[in-house]
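*Asks:* Whatever this is, show me its structure:
(2 chains)
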Protein chains: 2
Amino acid sequence: MEEVEGLYEREPPIPPSEYVRVDHEALREFARKIFTASGLSSDDAWVVADVLVTADLMGISSHGVQRVRRYVDGLLTRCVNPRPEVRVVRDRGATALLDADNGLGHIAGVKAMEIAVDKARSYGASIVLVKKSHHYGIAGYYALKAVEKGFIGISATNSEPLVAYVNTVGRTLGTNPIAIGIPRRSPPPILFDAATAVVPVGKIEMYARLGREIPEGWALDAEGRMLSGDASRVLSEIRAGRAAILPLGGLGEELGGHKGSGLAFVVDVISGVLSGAAWGYHVGYTVGVAPANVGHAFAAIDVEAFMPREEFYERIETFIREIKSLKKHPDADRIWIPGEKAWRTMATRLRIGIPIHVRVCEELNSVAEKLGLSERVCL
Amino acid sequence: MEEVEGLYEREPPIPPSEYVRVDHEALREFARKIFTASGLSSDDAWVVADVLVTADLMGISSHGVQRVRRYVDGLLTRCVNPRPEVRVVRDRGATALLDADNGLGHIAGVKAMEIAVDKARSYGASIVLVKKSHHYGIAGYYALKAVEKGFIGISATNSEPLVAYVNTVGRTLGTNPIAIGIPRRSPPPILFDAATAVVPVGKIEMYARLGREIPEGWALDAEGRMLSGDASRVLSEIRAGRAAILPLGGLGEELGGHKGSGLAFVVDVISGVLSGAAWGYHVGYTVGVAPANVGHAFAAIDVEAFMPREEFYERIETFIREIKSLKKHPDADRIWIPGEKAWRTMATRLRIGIPIHVRVCEELNSVAEKLGLSERVCL
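*Replies:* Below is the predicted model:
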């Protein structure tokens, strides 16, 4: 929320002394080399690196290069297939089903959204599902791939169980995010990208790194009591399976916990059950003993199937102007359109670099060293 | 939450002395006669009556026959066109756009979902938008129309402004609900049907009728302060434009208010902006001075585009069994699957009748009298 000379960052580095600014191109190239050394093809390595660095650029560091080590661990133990052949196993009209061949989700995700856009170009709209995949990074990346081509893009995924289903305790559902990207005449595009949990686990990880306390309403212990306070302790309880993140809407039904967990459930049914992937507590992560079998869903909509593109753009601009002109809440910093914070953070970080925590730097360099690479980052 | 001899109702009548149980067929026939007398064709009148009575059967009385008077008022003043010719104005592959001709949304909604299902049968998936419409009742009705034919059905709509956009005060967005229906081998189907607001306005209306207090976290006054307590007062503040309902996730961003209002915003962009309907605070209601120009969105997915139907059913049953076997939260009555409460309420009310508040009975009878009908209800 701090802004100096037009340099906005949604998640500014705190304390700044613990972070090193890294040029995005250097970081991407470094991550790519690591993934290539882990067995990925050069093209696939670029895709995975780009998804991670885009998350860091957007200020979603939980889904940025801090994931590299866990991906590499999965690749080296062959929990993740480094050379997947992503195949279309079903194709009918405006739909397709892809088998990710147990590779990283980013590789299948980019391909699936390309197919979704091609199909939307032919049929006006499309849905493409993916099975036998792994973690795919930020859902918003794929929605933006459709937006770049002028289409509305939608993406959702299931993920490792961290969230309590309403009226239960324990980790059953993933944070199962939904992203919806909508093109505008000029950037930033609209990008709704949100976990169906009250917070993504990455936010608790960030609080833990900063030594902060988490507020009441984010986590639940094994007996169904609210768990707040020291973020490191809450995080280790969640990791140990003795606590869970609450769904969007919180505990019980009074403020809509059935809505958040219901959304997470239907995301799981479409991306997991219908795709042929795992669902619920069966979904794994890249460092498990077995393939994660994550499932993803992608959809694209051709704006021009419904109205001339310029008319749509004009209408969107009017709507956004109206939202921006509303009376601001006294406690709010400003009125934001979905995706705007991420976009402005990206603009800043393209200019002055991405802040990478020194511990993440060390971890990345240690991974590079183990893989026999001479390159280092954060120098 | 009370259950006697297997008779469950999600919203039991309190106090029971103020309610009369009415047979659903009699109620539907009565409502149909009222709408026919208000100028609708017999077929259209049946559709509108069926949507309303289905809401009452499911325990969503805010969207049930208590809406009849406001619909009739709109029809008699010609704010609503009683004889709409719903037309397909665009049709491309898996997509279509309908003009509801300023009729009630139920009429266009049923037709739109029929087209969506037909298109999903051909193309595997589809999206159909509707413009120039009015209130369409419960979003879940249309999702279930797809489910009846074995398809996954999705529906969303914008609606009259009642909800504050995150970081602002005042009524800007509708409660913009999203419904997702998923077929099972045998009932109840999965039905997620939720306002993107923390509560639908109907829930506050219900609390007002019962003389109850609303908790902190549902409404916001014009200065951005939480508004709780006496539900009647909160409701009149909202109606007067001096208060707004909070989005799912509540005030600000700590518990996800940006997620709920972001979802409401993208629902509005797709159902309102992209369809050619109104959006945001321009959306009206049936009793306005001008047509409401509500926009709706419908989608259908053919399960068999992705896997054999029986395999899908088997997987869904396993997932549901797993959810039902979780450790229950100590404060919860039981573990529910989305749509299950509505379905069980319907089973009860099909047997013992729908509880209609005596004031709603009186209102319905007064409407019938004004229209010159001899029929009466709740006798």
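*Asks:* Quick check, A:Arg70 in contact with A:Tyr285.
*Replies:* Yes - counting by Cβ atoms under 8 Å, A:Arg70 touches A:Tyr285, with 7.3 Å between them. (Each C-beta comes from the backbone N, C-alpha and C, glycine too.)
*Asks:* who's more crowded, those two?
*Replies:* Neighbour tally, A:Arg70 and A:Tyr285, criterion other Cβ atoms under 10 Å in any protein chain shown: the higher count belongs to A:Tyr285, 18 against 14.
*Asks:* ok, now how distant is the more buried one from A:Tyr136?
*Replies:* Computed with Cβ to Cβ, to the nearest Å, the distance linking A:Tyr285 and A:Tyr136 is 12 Å.
*Asks:* low-scoring stretches of chain A, by residue?
*Replies:* For chain A, residues meeting the criterion pLDDT under 70 lie at A:1-5.
*Asks:* for the most centrally placed residue in it, what are its contacts?
*Replies:* Centroid-nearest residue in chain A: A:Ile138, 1.9 Å away (criterion: Cα atoms, centre = their mean). Residues in contact with A:Ile138, defined by Cβ atoms under 8 Å, 6 or more residues apart in numbering or on different chains, are A:Val51, A:Thr54, A:Ala55, A:Met58, A:Ile60, A:His63, A:Pro177, A:Ala179, A:Asp193.
*Asks:* how close does it sit to chain B?
*Replies:* A:Ile138 sits 15 Å away from chain B when distances are taken as Cβ to the nearest Cβ, to the nearest Å.
*Asks:* Can you pull the phi/psi pair for that residue?
*Replies:* The phi/psi pair for A:Ile138 (degrees, to the nearest 10) reads phi -80, psi 130.
*Asks:* any bit of stretch A:142-155 sitting next to chain B?
*Replies:* Yes - using Cβ under 8 Å from any Cβ of the partner chain, we find that stretch A:142-155 touches chain B at A:Ile152.
*Asks:* buried set for that stretch?
*Replies:* A:Tyr142, A:Ala143, A:Leu144, A:Lys145, A:Ala146, A:Val147, A:Lys149, A:Phe151, A:Ile152, A:Gly153, A:Ile154, A:Ser155 (16 or more other Cβ atoms under 10 Å in any protein chain shown).
*Asks:* With distance to A:Phe306 and secondary structure as added columns, please give these in TSV.
*Replies:* Listed next are those as TSV, based on distance: Cβ to Cβ, whole Å; DSSP: H, G, I helix; E, B strand; the rest coil:
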residue	distance to A:Phe306	secondary structure
A:Tyr142	22	helix
A:Ala143	18	helix
A:Leu144	21	helix
A:Lys145	21	helix
A:Ala146	15	helix
A:Val147	16	helix
A:Lys149	16	coil
A:Phe151	12	coil
A:Ile152	10	strand
A:Gly153	15	strand
A:Ile154	15	strand
A:Ser155	20	strand
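*Asks:* from those, which single one is nearest A:Ala120?
*Replies:* Each of those was checked against A:Ala120 using Cβ to Cβ; the closest is A:Phe151, at 5.6 Å.
*Asks:* Spell out which residues sit in contact with the closest one, please.
*Replies:* Taking Cβ under 8 Å, 6+ apart, we find A:Phe151 in contact with A:Val117, A:Ala120, A:Arg121, A:Pro183, A:Ala300, A:Ile301, A:Asp302, A:Val303.
*Asks:* Just flag the most distant two among the residues you listed.
*Replies:* Among these, the pair separated by the greatest distance (Cβ to Cβ) is A:Arg121 and A:Pro183, at 14.0 Å.
*Asks:* which one of these two has more residues nearby?
*Replies:* Regarding A:Arg121 and A:Pro183, a neighbour count based on other Cβ under 10 Å identifies A:Pro183 as having more, with 22 against 17.
*Asks:* one step back: overlap of the contact sets of A:Tyr285 and A:Tyr136?
*Replies:* Residues within reach of A:Tyr285 and of A:Tyr136 at once, by Cβ under 8 Å, 6+ apart: there are none.
*Asks:* picking up where we left off before, report the buried members of the contacts of A:Ile138.
*Replies:* Neighbour counting over the contacts of A:Ile138 (16+ other Cβ under 10 Å) leaves A:Val51, A:Thr54, A:Ala55, A:Met58, A:Ile60, A:His63, A:Pro177, A:Ala179, A:Asp193 as the buried ones.
*Asks:* buried sites along the helix or strand hosting the last one?
*Replies:* Read it as A:Asp193. Secondary structure assigned from DSSP states H and E places A:Asp193 in strand A:190-194. Neighbour-count burial for strand A:190-194, counted by 16+ other Cβ under 10 Å, picks out A:Ile190, A:Leu191, A:Phe192, A:Asp193, A:Ala194.
*Asks:* List the neighbours of that strand that are in contact with it.
*Replies:* In this structure, residues lying in contact with strand A:190-194 by Cβ under 8 Å, 6+ apart are A:138-140, A:143-144, A:147, A:177-182, A:184, A:248, A:316, A:337-339, A:342-343, B:256, B:258-259, B:262-263, B:265-266, B:269.
*Asks:* Repeat that for stretch A:225-238.
*Replies:* Residues outside stretch A:225-238 that contact it (Cβ under 8 Å, 6+ apart) are A:162, A:171, A:201, A:204-205, A:207-208, A:210-221, A:243-245, A:251.
*Asks:* Tell me how many other residues surround A:Asp268.
*Replies:* Using other Cβ under 10 Å, A:Asp268 has 28 neighbouring residues.
*Asks:* Where does it sit, in terms of helix or strand?
*Replies:* Remark: A:Asp268 resides in helix A:257-268, with elements defined by DSSP H and E.
*Asks:* The helix or strand following that helix near chain B at all?
*Replies:* Beyond helix A:257-268 on the C-terminal side, the first helix or strand identified by DSSP H and E is strand A:294-301. Yes - using Cβ under 8 Å from any Cβ, a contact is recorded between strand A:294-301 and chain B, made by A:Ala299, A:Ile301.
*Asks:* ok so, going back, which one of the contacts of A:Ile138 is nearest to chain B?
*Replies:* The nearest member of these to chain B, counting by Cβ to the nearest Cβ, is A:Asp193 at 8.8 Å.
*Asks:* The closest one bridge partners, please.
*Replies:* Under DSSP bridges, the beta-bridge partners of A:Asp193 are A:Ala179.
*Asks:* Check the gap between it and A:Val130 for me.
*Replies:* Between A:Asp193 and A:Val130 the distance, using Cβ to Cβ, works out to 18 Å.
*Asks:* A:Val303 too?
*Replies:* 24 Å.
*Asks:* quick one: which of these two has more around it?
*Replies:* A:Val130 (28 against 21).
*Asks:* Need the three-state assignment for the more buried one.
*Replies:* Three-state secondary structure (criterion: DSSP: H, G, I helix; E, B strand; the rest coil) places A:Val130 in strand.
*Asks:* try A:Asp118
*Replies:* Judged by three-state DSSP, the three-state class of A:Asp118 is helix.
*Asks:* Relative to chain B, how far out is it?
*Replies:* Counting by Cβ to the nearest Cβ, the gap from A:Asp118 to chain B is 12 Å.
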